[in-house]
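>>> structure, please.
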Amino acid sequence: MKLIVLDRDGVINEDSDAYVKTLEEWIPIPGSLQAIARLSQAGWTVAVATNQSGLARGMFDASTLDDMHFKMQQLVMEQGGRIDLIVHCPHGPDAGCECRKPKPGLFRTIAEHFGLADLKGVPVVGDSHRDLHAGLMLGGTPYLVRTGKGLRTLEGTLPSGTQVFDDLAAVVDHLLEKSR
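Now for the predicted structure:
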């Protein structure tokens, strides 16, 4: 199985320091939905792992989050692709949970869902240190995008082996070229 794990905000859709709280605020990054569709069409399994502390903060409810994810899935389907699994952490940063990135709980859930012992070599695409570190804990290969908080993340020290790309479409171009 060719599996990839994507962060959501800042990778697939525009991010906001004020949080993405409504369906109208969920705006895809140009080329991201088509990139996911190209992965699907090439036989990749696509999973999304996203921290959604806006739930714990009362900024939106579970129904609104479901609507955002439904919109994302519908738009990817309109491009001829699919998202195979979406997992999210609903907790705030002080909850002490195991699912909030940079902890590996969401990635463990993805591995278990697909019957994998770990995510060794699986591309993990994010725009922040916490995305990359969470994936690394289960053996994932880190890919940083410059969209979202990516440029800010570049100012720090990246995990060893991190590959940096302009956006998700550029990551997908690289992966599809590499797998030919």
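>>> could you dump the longest strand belonging to the chain to CSV, C-alpha only?
Looking across the chain with DSSP state E, the single longest strand is strand 44-51. C-alpha atoms of strand 44-51 as CSV (Å, rounded to 0.1, in the frame of the first residue of the first chain):
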residue,chain,number,x,y,z
TRP,A,44,-2.2,6.0,-3.2
THR,A,45,-4.2,5.8,0.0
VAL,A,46,-4.7,9.3,1.4
ALA,A,47,-5.1,10.0,5.2
VAL,A,48,-5.6,13.3,6.9
ALA,A,49,-4.4,13.9,10.5
THR,A,50,-5.5,17.3,11.9
ASN,A,51,-5.4,19.0,15.3
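>>> what mean pLDDT would you report for the helix or strand hosting Glu177?
Here Glu177, judged by DSSP states H and E, is contained in helix 168-178. Average pLDDT, helix 168-178: 97.
>>> can you pull the buried residues of it?
Going by neighbour count (16 or more other CB atoms under 10 Å), the buried part of helix 168-178 is 168-173, 175. Just so you know, the C-beta spots here come from the backbone N, C-alpha and C atoms, and that holds for glycine as well.
>>> can you name every helix or strand that the longest strand of the chain contacts?
Judged by 3 or more CB pairs under 8 Å, 6 or more residues apart in numbering; DSSP states H and E, the packing partners of strand 44-51 are strand 2-6, helix 32-41, strand 85-89, helix 105-113, helix 129-136.
>>> let's see it at 10 Å
Packed against strand 44-51, as judged by 3 or more CB pairs under 10 Å, 6 or more residues apart in numbering; DSSP states H and E, are the following elements: strand 2-6, helix 32-41, helix 62-78, strand 85-89, helix 105-113, strand 123-126, helix 129-136, helix 168-178.
>>> give me the residue at the spatial middle of this structure.
In the chain, the C-alpha nearest the mean C-alpha coordinate belongs to Asp7, at 1.5 Å (CA atoms, centre = their mean).
>>> residues contacting the closest residue in space to it that isn't next to it in sequence?
Excluding the flanking residues, the one nearest Asp7 by CB to CB, 6 or more residues apart in numbering is Gly126, at 4.0 Å. If a contact means CB atoms under 10 Å, 6 or more residues apart in numbering, then Gly126 has 5-11, 49-50, 101, 132-135, 140, 142-145, 148-150, 153, 162 as its contacts.
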